[in-house]
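predicted coordinates and the sequence they were generated for:
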Amino acid sequence: MSLKLTNDQVREIEKHIEAAYPGEGAGFLLGMDGEVKGVLPLDNAREEEARFNRFLLTPEDYLKAEMKAMEQGVDLIGVFHSHPDCPNVPSEYDREWAQPFFSYIISRVDKGKTVSHRSWRLVEDRTKYDEEEIEIQ
């Protein structure tokens, strides 16, 4: 399976995560059937001193995303977040908080500039991720 985004959506993600640097930036992906229809950037709710290597999306953030998706007639299909100055592979912390069936875009941001994007899906038994292709249209 692959995740489809537009160039504009990728730029919106990059703008948000670069502005959050040196902290992690994060938000939700709205869409259906692996196609992103909207990006919902959100503030990192993690305490200031932990934002450089952790992000937190609150229950209120999830509710906001679910409501926005419902308004647009789509689903909440994933999360994006950045890894400042480190590889864009899921950490153990990422795995503990992830949900199966969501796409997780992790973007590497080095010195304030986005370097690359990778997307991951947690397997159903929650033991590992499988990488999924990102198609930019």
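Right, received. Where do you want to start?

so Ala20 sits against Phe80, correct?
No. Look at Ala20 against Phe80 with Cβ atoms under 8 Å: they stay out of range, at 11.2 Å. In short, each C-beta sits where N, CA and C put it, glycine included.

can you tell me how far His83 is from Leu42?
Distance of His83 to Leu42, computed by Cβ to Cβ, to the nearest Å: 17 Å.

ok, now Gly23?
Taking Cβ to Cβ, one finds Gly23 at 13 Å from Leu42.

which helix or strand in the protein has the lowest average pLDDT?
helix 92-97 (a mean of 87; mean pLDDT, DSSP states H and E).

what strands flank the very next helix or strand once past it, and is each parallel or antiparallel?
Helices and strands here follow DSSP states H and E; after helix 92-97, the next one along the chain is strand 103-110. Strand 103-110 has its sheet partners listed here by DSSP bridges as strand 75-84 (parallel), strand 113-122 (antiparallel).

hey, which of the ones you listed is tucked in deepest?
strand 75-84 (a mean of 23; mean count of other Cβ atoms under 10 Å).

run the chain-centre distance for that one.
Chain-centre distance of strand 75-84: 1 Å, with Cα atoms, centre = their mean, to the nearest Å.
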